[in-house]
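[1] sequence and predicted structure are below.
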Amino acid sequence: MADRKCVGKKYEYCLNDKLGSGTFAEVVKGKNKLTDEVVAIKVIKRSILEKYGDDILQQIQLEVKILKELANLSKQTKCPFINRIYEFLETANNFYIVLEYCNQGTLYDQIKKVKKIEEKEGIFILFQLLQALSLLANNNIAHRDIKPENVLIKDGVYKLGDFGFASQKSLYQTHLGTYPYMAPEFFNSDSYNSKVDIWALGLLTHEILFKELYYIGKSQYDIQQKILTKPYLLNDQKYKISEQLKNLLCKMVNKDQNARISAQEALADPIFDFCKHDPRYLNIIEAEQLNWNLVNQDEKS
């Protein structure tokens, strides 16, 4: 059995239980030793500071700050659609962000695995993620890297995760993200707002429904030029979805950020009426209420 590593007094993990990795961190499966709850632990080596400097440290601190604020906001609003932080820990060698474990992987995995996601199911996924974006936008938070790999699934609930590129202010200047999902204002404007996330979610929904990236190219520059010049149109006969959904997606993937629909406005679309009465959604909300009641009891004790 591989050696298990302890993180503080409560958590432990095995390096072999890797869930994912990126440029600056890897995510491993861990456990709360006091409760036996399975968790995800984002491990960031301090040695990266030597290579990338204090900018990375500031981004880690900002990510943790935003995650903690979102955890509090999710608790207040009973919003279960954001991957929750449990704790942030530091050692001489590493930073650790302890997160909610999502047992069904990512939306990227799901898109690759299934032959087709039906329109009704795609709308139900969009409904959940719009609620996450509404919470972010209401608090001047932009995720800035919406893509299938950053949507986690736990017991059928879709949760926005990986806030490594997130920031919190009314206007932004830094240009970052994943090219096929980046809004035009990343390239043609001095500043942008959290509506870049709506654009990305619109294109993500397109990918869910049609298993294709709308903006593709041979290079990042090629993709950028298509984002700036190619309108988002669903006139082709291969796009067999309702006119109502086509209209909503076109409002989300609008090149004019001022005219682009907001998350709150999108949620008011009648297309989501069935979601609000779907037994799965009602069960999600009920489970979230019970979960936060247990958290409150633990905090009091």
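    Great, that's in hand.
[2] poorly predicted segments of this protein, please.
    1-3, 170, 173, 292-301 (pLDDT under 70).
[3] report the longest helix in it, please.
    Scanning the chain for the longest helix, with DSSP state H as the assignment, gives helix 54-77.
[4] and whichever helix or strand comes after that one with helix 54-77, angle?
    Toward the C-terminus, helix 54-77 is succeeded by strand 85-90 as the next helix or strand (DSSP states H and E). Angle of strand 85-90 versus helix 54-77, following axes from the mean of the first three to the mean of the last three Cα atoms, to 10 degrees, is 150 degrees.
[5] tell me the buried residues in strand 85-90?
    85, 86, 87, 88, 89 (16 or more other Cβ atoms under 10 Å). Every residue, glycine included, has its C-beta placed from N, CA and C.
[6] dump those to TSV, plus distance to residue 290.
    Below are the buried residues of strand 85-90 laid out as TSV (distance: Cβ to Cβ, whole Å):
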residue	distance to residue 290
85	20
86	18
87	22
88	26
89	27
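[7] from those, pick the one nearest residue 116.
    Residue 116 has its nearest neighbour among the buried residues of strand 85-90 in residue 85, at 34.2 Å by Cβ to Cβ.
[8] what sits against that closest one?
    64, 67, 68, 70, 71, 97, 98, 99, 100 (Cβ atoms under 8 Å, 6 or more residues apart in numbering).
[9] again, but for residue 128
    Residue 128 makes contacts with 81, 157, 158, as judged by Cβ under 8 Å, 6+ apart.
[10] ok so, going back, what subset of the contacts of residue 85 is buried?
    Among those, the ones that count as buried by 16+ other Cβ under 10 Å are 64, 67, 70, 71, 97, 98, 99, 100.
[11] wait, the fifth one touches residue 67, no?
    Yes. With the criterion set as Cβ atoms under 8 Å, residue 97 and residue 67 qualify as a contacting pair; they are 7.2 Å apart.
[12] one step back: and the buried ones among the contacts of residue 85, which is closest to residue 270?
    Closest to residue 270 out of the buried ones among the contacts of residue 85 is residue 70 (28.4 Å), distances taken as Cβ to Cβ.
[13] excluding chain neighbours, what is closest to that closest one?
    Counting by Cβ to Cβ, 6 or more residues apart in numbering, residue 70 lies nearest to residue 82, which is 5.2 Å off, once chain neighbours are set aside.
[14] before we move on, what SS does residue 258 have?
    coil (DSSP: H, G, I helix; E, B strand; the rest coil).
[15] from residue 64, how far out is the residue nearest the centre of the chain?
    Residue closest to the mean C-alpha point of the chain, counted by Cα atoms, centre = their mean, is residue 160 at 2.7 Å. Separation of residue 160 from residue 64 (Cβ to Cβ, to the nearest Å): 16 Å.
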